[in-house]
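K.L.:
Quick check, what structure comes out for this input:
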Amino acid sequence: MSDDFKPYANESDVIRIDHLEIENRVDRVTLMGDVVLTKDKAGLALAKELQALLGEIIQCLESDEKLPDVVELKPATESDNPFF
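P.N.:
Now for the predicted structure:
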């Protein structure tokens, strides 16, 4: 996992663990794709990387004294392409 990835810190970071893409946002962290945890050293390394990421996410959530019960996710909006 990237040492630069800080959960909920920005709207731009994206990292990958195997074929799992983790997208950072200020109100959510989205996990998309898949990761295969094979029963070997490679699978163990991926599992530890995923565990470290989830640990950081949990630590960030637990340390937020103003953590709401539910975050209202705003639907995506479309905008005109400025290049056309």
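K.L.:
need the contact list for R16.
P.N.:
I22 (Cβ atoms under 8 Å, 6 or more residues apart in numbering). (C-beta placed from N, C-alpha, C; glycine too.)
K.L.:
Going by residue numbers, what spans are strands in this protein?
P.N.:
Under the criterion DSSP state E, strands of the chain are mapped to 14-17, 19-24, 29-34.
K.L.:
between those strands, which one is nearest to L50?
P.N.:
strand 14-17 (5.7 Å; Cβ to Cβ).
K.L.:
Give the rounded mean pLDDT of that closest one.
P.N.:
The predicted model gives strand 14-17 an average pLDDT of 95.
K.L.:
Residues in a beta bridge with T30, which ones?
P.N.:
Assessed by DSSP bridges, T30 has beta-bridge partners E23.
K.L.:
for I17, same thing?
P.N.:
In this entry, I17 is beta-bridged to L20, by DSSP bridges.
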